[in-house]
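Asks: please find the sequence and the predicted model below.
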Amino acid sequence: MADELITPDELLSKIDHRPSGAGWMDTPVDIRKGMYCYAANPKSVETLGLPNARAWNPLDDDWKLPENWQQIIFEGFRERLEKFRSFKVFMDICVRCGACADKCHFFIGTGDPKNMPVLRAELLRSVYRNDFTKMGKILGRLGGARPMTLDVLKEWWYYLFQCTECRRCSVFCPYGIDTAEITIMGRELLNLLGLNIDWIATPVSNCYMTGNHLGIQPHAFKDMLDFFVDDIEEITGVQVKPAYMEKNADILFITPSGDVFADPGTYTCMGYMILFHYLKEKYGLKITWSTYASEGGNFGFFTSHETMKRLNSKMYAEAKRLGVKWILGGECGHMWRVISQYMDTMNGPADFLEEPVNPITGTKFENAKSTKMVHIAEFTADLIKHGKLELDPSRNDNKIITFHDSCNPSRGMGLLDEPRYVIQNVANNFYEMPANTIREQTFCCGSGAGLNAGENMELRMAGGFPRANAVKYVHETFGVNMLACVCAIDRAALPASMEYWVPEVEVTGLHELVANALILPGEKDRETDLRGEPLPGMEE
Amino acid sequence: MNKNYMVSLIAVITLFLIAYVGTQQGAGLQMVFGIIVPYLAIILFIVGFARRVMGWARSAVPFRITTTCGQQPSLPWFKQAKIDNPSCTLGVVARMFLEIVCFRSLFRNTRMKLKGGPHLTYQLELFLWIGALAFHYAFFTVVLRHLRFFTEPVPFFVTILENVDGFMRMEVLYDAVQQGLPGVYMSGLVLLAAALYLFLRRVMIPQVRYISLAADFFPLFLIMGIALSGIFMRYLSKVDIVAIKELTMGLVTFRPTIPEGISGLFFAHLFLVSVLLAYFPFSKLMHLGGIFLSPTRNMTGNTRQVRHVNPWNYPVKVHTYEEYEDDFREKMVEAGLPVVKMPEEQA
């Protein structure tokens, strides 16, 4: 964590939710350290063949834009208005009622009025009015219109990378206006000028070339899983054998590479491996990993629709190549937005796969019969319901758990009860956070949509404040010490946010809890959980 | 003082005066404000509205980006939120109905407060929902009631509506003084009160004041002007209602006429209505049409079950498995990972 990061008290004292002073059009953007991410590395932009690869610095006056950048934005805008009804309708129908204003975690945490969803959209709408509407052309500023200038562009960039596309505002909007959609379009336009951030561009380039965001090459990927094999053997006495790119396996498993890379995601990854071993030993189910399709997440989604499609294509391509029956997806947030609402449309139809059936229980996953991709929480919930897993929930008894709904599975899919069902079957202590902060009203971790960098820590902590504050509430009320989630970004982002706001709470994935409780055939008497912490009753 | 609402207020007052003065004895612009402008306004409204909606409809819907506000249909023992996360047309219709008729999403509205501690709270905040409902339903009732002026005979439902709307009476019934207003229509008063509330929250709530444009105040003042002039005519100045109906019937039967004895107040009222109609398609008021087309609400959430087709889907450049294996073959073989081509087979 950056050492100059301000303290929570300082951060809170800066928040003022009552905007004042000059109107927003007269308040120029101030690109502030700690609130923005570094510019994209030109090499990454080049690898992907995206426009205007060059070194640039957001703090410089000169952003090294193409000569005709205004024309590029104008034409890009027009093209997207035709290609996306969402964009066009959302540009036109906002009445500025303000219902969205205090729903955004970034507004709550920063008090910056341009982080009100409505105003974030107005940054684009003002230009839209100027360039594409009669009223805007006639009335100009009085009609809320303004021409596209370099300052406006910088403002776009700064605030479009202060939105995590969490869609919480769209739940409350009387017209369903979705700021994520506006941010997605805005970032697409910025990418036409080469104005991406490096925390997105480089993972995308990595993912394109090596199959995952972290740029883990195939042999290294196997090495990392081998480490987990050793750890698992040490803890359980059982040696698991993950399969790699096994032709004609039953199921291809794809999860975010973050789970392979860093704690506490790694424990979730070990959880998957333990579960798959169990299913293979007990029921002969063959699940394979792939190093080519070794990324569930899709930072392309934060770049452009086209880039999203380019990265996502590997899932179906690899499933087809390997001849599996269907695909199982790990715990990840935006990955599931892409799978749920984009994949089949972009890269389908996946007619080479079978409609997913759990071969162990016979359950048909009707809800996934077209995409042919099942969420592991659905899969595990089904196994538990049919009594196919031997579980000892008491092994999680020292964990007092609450569940953080990730934005995308909640508001872009509706995966709400499945993870709760799993938690309540593998652990005994579960408490919900307040109703206005969970399920479809859940708050973002503060670091989604590619904003999980180190240099924008103040922004992340501010954005993570509402979520952390709800955790703090259950921590103080019920003694919650474990925050469970089904998202790799959460597992990377929430530990920092917890450390900052509620240091007594740790973060876990769902399948870490499952694997702690799961009794493997032939396992030794376990003394520790997957983290090497003593199990309840095993403390010295 | 806020420039945005002052400009809007002055604009509405000016519009009112133009019509009022223009139709006084001697100015003689009754034809303009009683016939030409209303016809032009109606044409602008219909053509503008249709063009706007057709413009939206022309844009593609490449992805099904439903905002799911409840449990998805998955395994049989999880109860699906059939309306908030619909998977069939009926669910979508119910969702849209609740959205359009009951302002469902606004009903969720909460108000965030940051207290010491620090402690964030979110309280249910229904004033906006109530204000919006009152405003829209009062407006709707007023519009329906005005059908009296454009139909002969007056349809039964308009009469019923008038009776319900005019249920409240304001009368002084003493032996000495018997004074009363004609049946007081609640809708007009509610409309005015709700518009006033929506205006006040725009200027009083700092966030809403900050985001408000002139285009947010102008229609509010316009509607307040229409309501005020209407109320004034009905209860205080007692305009010649028979003459007015002759004019309005003339408009709808395309035999326009300007009867004698219609006051300037009526022409000003009619002019403000005309301005509202003409302004409508070019403004945020188009949310009336747009709400039906909002892709986060009007589609099913079962995208994994039923494939959505993108009309402009196009092939993209991808990094294939073969290219990937070419990049990493030696390392893969060394790590014991399966490959399709062994290194020696490489050309």
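Replies: On my side now, so go ahead.
Asks: apart from its neighbours in sequence, what residue is nearest the residue in the stretch 351-500 of chain A that chain B sits nearest to?
Replies: When you check the stretch 351-500 of chain A against chain B by CB to the nearest CB, the closest residue turns out to be residue A:414, at 3.1 Å. Just so you know, the C-beta spots here come from the backbone N, C-alpha and C atoms, and that holds for glycine as well. Leaving aside its chain neighbours, residue A:414 sits nearest to residue B:72 (3.1 Å; criterion: CB to CB, 6 or more residues apart in numbering or on different chains).
Asks: where's the one you found, which helix or strand?
Replies: If you go by DSSP states H and E, residue B:72 is not part of any helix or strand.
Asks: quick one on the thing from earlier: what is the burial count for the residue of the stretch 351-500 of chain A closest to chain B?
Replies: Residue A:414 sits with 30 neighbouring residues when counted by other CB atoms under 10 Å in any protein chain shown.
Asks: phi, psi for it please.
Replies: phi 100, psi 30 (degrees, to the nearest 10).
Asks: cool, the one 3 residues further on as well?
Replies: Summarising the backbone geometry of residue A:417 under the convention degrees, to the nearest 10, its torsions are phi -80, psi -30.
Asks: just residue A:524 next, same as before
Replies: The main-chain torsion angles of residue A:524 are listed as degrees, to the nearest 10 and equal phi -80, psi 170.
Asks: so what's the closest residue to it other than its chain neighbours up against?
Replies: In space, not counting the residues next to it along the chain, residue A:524 is nearest to residue A:237; the distance is 3.3 Å by CB to CB, 6+ apart. Residue A:237 sits next to A:522, A:523, A:524 when contact means CB atoms under 8 Å, 6 or more residues apart in numbering or on different chains.
Asks: circling back: quick one: the residue nearest to residue A:414 and residue B:80 touch, right?
Replies: Yes. Shown here, residue B:72 and residue B:80 form a contact pair, counting by CB atoms under 8 Å, at 6.6 Å.
Asks: more neighbours, those two?
Replies: residue B:72 (26 against 21).
Asks: do you know how far the more buried one is from residue B:87?
Replies: For residue B:72, the distance to residue B:87 (CB to CB, to the nearest Å) stands at 8 Å.
Asks: how about residue A:73?
Replies: From residue A:73 over to residue B:87 the distance is 38 Å, taken as CB to CB.
Asks: about what we covered before: which of the contacts of residue A:237 ranks first by neighbour count?
Replies: Within the contacts of residue A:237, most neighbours by other CB under 10 Å means residue A:523, with 15 neighbours.
Asks: Provide a list of residue ranges in the stretch 51-200 of chain B with pLDDT below threshold.
Replies: When residues are selected by pLDDT under 70, those of the stretch 51-200 of chain B lie in B:169-173, B:176-182.
Asks: hey, where'd the strands end up in it?
Replies: Assigned strands in the stretch 51-200 of chain B, in chain order: B:110-115, B:119-124, B:171-173, B:178-180 (criterion: DSSP state E, counting those that start in this stretch).
Asks: and for chain A?
Replies: Using DSSP state E, the strands of chain A run over A:243-244, A:251-254, A:287-289, A:326-329, A:373-375, A:401-404, A:482-485, A:506-509.
Asks: how about TSV for these, with distance to chain B added?
Replies: Formatted as TSV, the strands of chain A follow (distance: least, CB to the nearest CB, whole Å):
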stretch	distance to chain B
strand A:243-244	5
strand A:251-254	13
strand A:287-289	10
strand A:326-329	11
strand A:373-375	7
strand A:401-404	14
strand A:482-485	17
strand A:506-509	19
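Asks: tabulate the ones you listed in TSV, adding columns for mean neighbour count and mean pLDDT.
Replies: As requested, the strands of chain A are exported to TSV (neighbours: other CB atoms under 10 Å in any protein chain shown; pLDDT from 0 to 100):
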stretch	mean neighbour count	mean pLDDT
strand A:243-244	18	97
strand A:251-254	24	98
strand A:287-289	23	98
strand A:326-329	24	98
strand A:373-375	26	98
strand A:401-404	24	98
strand A:482-485	26	98
strand A:506-509	26	98
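Asks: so which of those strands gets nearest residue A:99?
Replies: Closest of the strands of chain A to residue A:99 is strand A:401-404, at 24.0 Å (criterion: CB to CB).
Asks: which residues touch the closest one?
Replies: A:419-420, A:423, A:427, A:429-433, A:438, A:442, A:445, A:467, A:471, A:474, A:478, A:480, A:482-485, A:490, A:494, A:508, A:513.
Asks: from those residues, keep the buried residues only.
Replies: Judged by neighbour count, with 16 or more other CB atoms under 10 Å in any protein chain shown as the criterion, the buried members of the contacts of strand A:401-404 are A:419-420, A:423, A:427, A:429-430, A:433, A:438, A:442, A:445, A:467, A:471, A:474, A:478, A:480, A:482-485, A:490, A:494, A:508, A:513.
Asks: can you tell me how far residue A:208 sits from chain B?
Replies: In this structure, residue A:208 and chain B are separated by 5 Å, where distance is defined by CB to the nearest CB, to the nearest Å.
Asks: tell me the contacts of that residue?
Replies: Residue A:208 makes contact with A:47, A:48, A:310, A:311, B:319, according to CB under 8 Å, 6+ apart.
Asks: correct me, but the residue of the stretch 351-500 of chain A closest to chain B touches residue B:78?
Replies: No. Using CB under 8 Å as the test, residue A:414 is too far from residue B:78 to be in contact (9.7 Å).
Asks: give me the common contacts of the two.
Replies: Common contact partners of residue A:414 and residue B:78 (CB under 8 Å, 6+ apart): residue B:71.
Asks: how far out from the middle of the chain is stretch A:475-495?
Replies: Here stretch A:475-495 is found 15 Å from its chain centre; the criterion is CA atoms, centre = their mean, to the nearest Å.
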